[in-house]
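**Q** what follows is a predicted structure for the sequence shown.
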Amino acid sequence: MEDRKPWEAAVEQRYKDLYPALHGYARRVLEDSALAEEAIQDAFCIACARRDQFLTSPNPQGWIMLTLKHVM
């Protein structure tokens, strides 16, 4: 089994912490729970690609919310 990179655990924790708020928002905007889940996954794919910006942001919740808005 491959060892996890240190940043993966940090992103995973942010995902767990922020998912309920992100899903509620995306579900209201998109009016579809499955589409909301996909949009959140896409936003977190971007967060992983830009993990330095995301993890060092003074406002990671705002960073991912803005990313989610752009994805939607």
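**A** Thanks, I have it.
**Q** contacts for the host helix or strand of Met65, please.
**A** Following DSSP states H and E, the helix or strand that holds Met65 is helix 60-71. Outside of helix 60-71, the residues within contact range by CB atoms under 8 Å, 6 or more residues apart in numbering are 14, 18, 21-22, 25-26, 39-40, 42-44, 46-47, 53-54, 57. The C-beta positions use only the backbone N, C-alpha and C, and glycine is treated the same way.
**Q** the residue nearest the centre of the chain - nearest residue in space that isn't next to it in sequence?
**A** The chain has Phe44 as the residue nearest its centroid, 3.6 Å off, counting by CA atoms, centre = their mean. Spatial nearest neighbour of Phe44, excluding adjacent residues (CB to CB, 6 or more residues apart in numbering): Tyr15 at 5.8 Å.
**Q** I'd like to know which elements the host helix or strand of the one you found is packed against.
**A** If you go by DSSP H and E, Tyr15 is part of helix 6-30. When contacts are defined as 3 or more CB pairs under 8 Å, 6 or more residues apart in numbering; DSSP states H and E, helix 6-30 packs onto helix 33-49, helix 51-56, helix 60-71.
**Q** please enumerate residues in contact with it?
**A** The contact list for helix 6-30, computed with CB under 8 Å, 6+ apart, reads 33, 35-37, 39-40, 43-44, 47-48, 51, 54-55, 60-61, 64-65, 68, 72.
**Q** among those residues, which ones are buried?
**A** The neighbour-count test (16 or more other CB atoms under 10 Å) marks 36-37, 39-40, 43-44, 47, 54, 60, 64-65, 68, 72 as buried among the contacts of helix 6-30.
**Q** dump those into a markdown table; add distance to Arg4 as well.
**A** As requested, the buried ones among the contacts of helix 6-30 are arranged in a markdown table below (distance: CB to CB, whole Å):
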| residue | distance to Arg4 |
| --- | --- |
| Ala36 | 27 |
| Glu37 | 23 |
| Ala39 | 25 |
| Ile40 | 21 |
| Ala43 | 21 |
| Phe44 | 16 |
| Ala47 | 16 |
| Phe54 | 17 |
| Pro60 | 19 |
| Ile64 | 20 |
| Met65 | 26 |
| Leu68 | 24 |
| Met72 | 29 |
